[in-house]
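A.B. asks: What follows is a predicted structure for the sequence shown.
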Amino acid sequence: MIKESKLKPDDAVVRDKVLAGDYYIKVVKQGQTFRILDLEGNQAADTLFYNADNPTERYSAVDTIREQGNVYLTAGTKLISNEGNDMLEIVADTCGRHDTLGGACATESNTVRYALHKKCMHACRDSWMLAVAENEQYGLSKRDITHNINFFMNVPVTKEGGLTFEDGISDAGKYVELKASMDTIVLISNCPQLNNPCNGYNPTPIEVLIWDK
Amino acid sequence: MSKEILYEDGIPGGSHWSMLMRKGTELRLVDKQGGANVGMLFYNPSNYLERYNAPDTLKCQHTFKLTRGHCLYSDMGRIFCSIVEDTLGWHDTVGGNTTKQSVKMKWGERNYQDYRNEWYLNGYDSFLVELAKYGMNERDMAANLNLFSKVAVDDEGNMFFDKTNSKEGAAITLRFEMDTQVMLHTCPHPMNPATEYPKLPVVYQISEAECLTENDYCQNLCAENQRGFKNTELYNIGCGC
């Protein structure tokens, strides 16, 4: 569902550019709204969320889709934790559909998906591994790297039980905006994937904007 | 093609268990009465950080459902096991688990004090108990399989539970391609619309798998599986066929 935001970028308290293939980690406070902006189009933002007070509680893809009864995420979707609590709500979305089934790329799964000799190409999970290593204050480790959201990614499921990876439906300037229901650690990998149409084979930067309530 | 069964046992409905399956063995699960659900998770016993990864399993094989020919992948690009037999055609891996709260809301509460073995367990706590036996906790709980259960999706992405999916005697066989710690429960699927808590048993049978042949169905289902098997072969070098 397309829903535009009334928030103005000039009023944002944070504006951070995340370069292609980099990670981003930040705590968004309860009541704050944050936006992920696809600057150049067709860029996947692989994102995980944790309760900042107790990171054992985290975004749960399966609980989120089951509770809303639909596999796609868009405006109105409540992101549910593994403990059944509302973490965030998607309050604006100019893209219309986001994936949470396809997971993130990893060097190891790249060997399976593309070719064994592509094993050393940069991948989302490597960005997350570096993120948890460089940010020990959050107490995260590989155990906590679970099933993420792929903002701006289009992974349609068919009635027959197929799963397809389509060209992104995002474009330059499209965005998704979320309001936090609890203090939340946001961990993004701005996807470096070069082998998949999810980035149009050309990873580009995103911008993160945060507004106070 | 009946194999010698090395071990056979039953698991009551609404229960949980865990066991180590060795490379080169098969685990056959049979729905005894129809309508069963088996929640399942896999871990590498040498490194529990390597675990079943539902998204990789789905995207590597471009599938939403799981059936014969599909391989169940770890997050390290390896194959824990392959589905070598399936009489159903659809198993779920996106429905997740029941919790204490959802069981109470759907089917009411049955505590141990009043009901003993007829109490109502939930999938989430069942996995917690099995994980804790190996030093793990909820941080280690990945999206699980729900064998025998079918969750389909329409054109708009709406999810439906098919309560007619599994009949009495329905069976699935998993062939283990590497040593695998298996965690399982027989608690109901969280989308099961039954009015009474479905407490449905399964039988499990363990046998020895035949050595892989060049024309193996699972390995050759897609180029991705050929590479997945290659990765698993590297991991198993020196372990025989």
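C.D. replies: Yep, that arrived.
A.B. asks: can I assume residue A:49 is in contact with residue A:88?
C.D. replies: Yes: taking CB atoms under 8 Å as the contact criterion, residue A:49 and residue A:88 are neighbours in contact, 6.4 Å apart. Where C-beta positions appear, they are placed from N, C-alpha and C, glycine not excepted.
A.B. asks: Tell me which of the two has more neighbours.
C.D. replies: residue A:49 (26 against 23; other CB atoms under 10 Å in any protein chain shown).
A.B. asks: Give me the pLDDT for that one.
C.D. replies: At residue A:49, the predicted lDDT confidence score is 98.
A.B. asks: can you pull out the strands in chain B?
C.D. replies: Defined through DSSP state E, the strands belonging to chain B, from first to last, are B:7-11, B:16-21, B:25-31, B:38-44, B:47-51, B:71-73, B:79-86, B:145-147, B:151-153, B:159-161, B:171-176, B:180-185, B:202-208.
A.B. asks: In TSV: those, plus distance to residue A:29.
C.D. replies: Compiled in TSV, the strands of chain B are given as follows (distance: least, CB to CB, whole Å):
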stretch	distance to residue A:29
strand B:7-11	46
strand B:16-21	38
strand B:25-31	47
strand B:38-44	34
strand B:47-51	31
strand B:71-73	37
strand B:79-86	40
strand B:145-147	36
strand B:151-153	35
strand B:159-161	32
strand B:171-176	45
strand B:180-185	36
strand B:202-208	47
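A.B. asks: Which one of these lies nearest to residue A:126?
C.D. replies: Each of these has some distance to residue A:126 by CB to CB; the shortest is strand B:47-51, at 15.0 Å.
A.B. asks: Please enumerate the strands of chain A.
C.D. replies: Secondary structure of chain A by DSSP E: the strands cover A:14-18, A:23-28, A:33-38, A:45-51, A:78-80, A:86-93, A:149-151, A:175-180, A:184-190, A:206-211.
A.B. asks: Buried deepest among those, which one?
C.D. replies: Per-stretch averages of neighbours, counted by mean count of other CB atoms under 10 Å in any protein chain shown, single out strand A:149-151 among those, with a mean of 28.
A.B. asks: residues in contact with the nearest residue to residue A:12 once chain neighbours are set aside?
C.D. replies: In space, residue A:12 comes closest to residue A:209 once its chain neighbours are excluded; the distance is 4.2 Å by CB to CB, 6 or more residues apart in numbering or on different chains. With contacts taken as CB atoms under 8 Å, 6 or more residues apart in numbering or on different chains, residue A:209 has the following neighbours: A:7, A:9, A:12, A:14-15, A:34-35, A:37.
A.B. asks: Output the strands of chain B as JSON lines; include the columns mean pLDDT, mean neighbour count and distance to chain A.
C.D. replies: Formatted as JSON lines, the entries for the strands of chain B read as follows, by pLDDT from 0 to 100; neighbours: other CB atoms under 10 Å in any protein chain shown; distance: least, CB to the nearest CB, whole Å:
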{"stretch": "strand B:7-11", "mean pLDDT": "98", "mean neighbour count": "13", "distance to chain A": "23"}
{"stretch": "strand B:16-21", "mean pLDDT": "98", "mean neighbour count": "17", "distance to chain A": "18"}
{"stretch": "strand B:25-31", "mean pLDDT": "98", "mean neighbour count": "21", "distance to chain A": "19"}
{"stretch": "strand B:38-44", "mean pLDDT": "98", "mean neighbour count": "24", "distance to chain A": "11"}
{"stretch": "strand B:47-51", "mean pLDDT": "98", "mean neighbour count": "17", "distance to chain A": "5"}
{"stretch": "strand B:71-73", "mean pLDDT": "98", "mean neighbour count": "27", "distance to chain A": "7"}
{"stretch": "strand B:79-86", "mean pLDDT": "98", "mean neighbour count": "23", "distance to chain A": "9"}
{"stretch": "strand B:145-147", "mean pLDDT": "98", "mean neighbour count": "28", "distance to chain A": "10"}
{"stretch": "strand B:151-153", "mean pLDDT": "97", "mean neighbour count": "23", "distance to chain A": "5"}
{"stretch": "strand B:159-161", "mean pLDDT": "98", "mean neighbour count": "17", "distance to chain A": "5"}
{"stretch": "strand B:171-176", "mean pLDDT": "98", "mean neighbour count": "23", "distance to chain A": "15"}
{"stretch": "strand B:180-185", "mean pLDDT": "98", "mean neighbour count": "26", "distance to chain A": "15"}
{"stretch": "strand B:202-208", "mean pLDDT": "98", "mean neighbour count": "18", "distance to chain A": "22"}
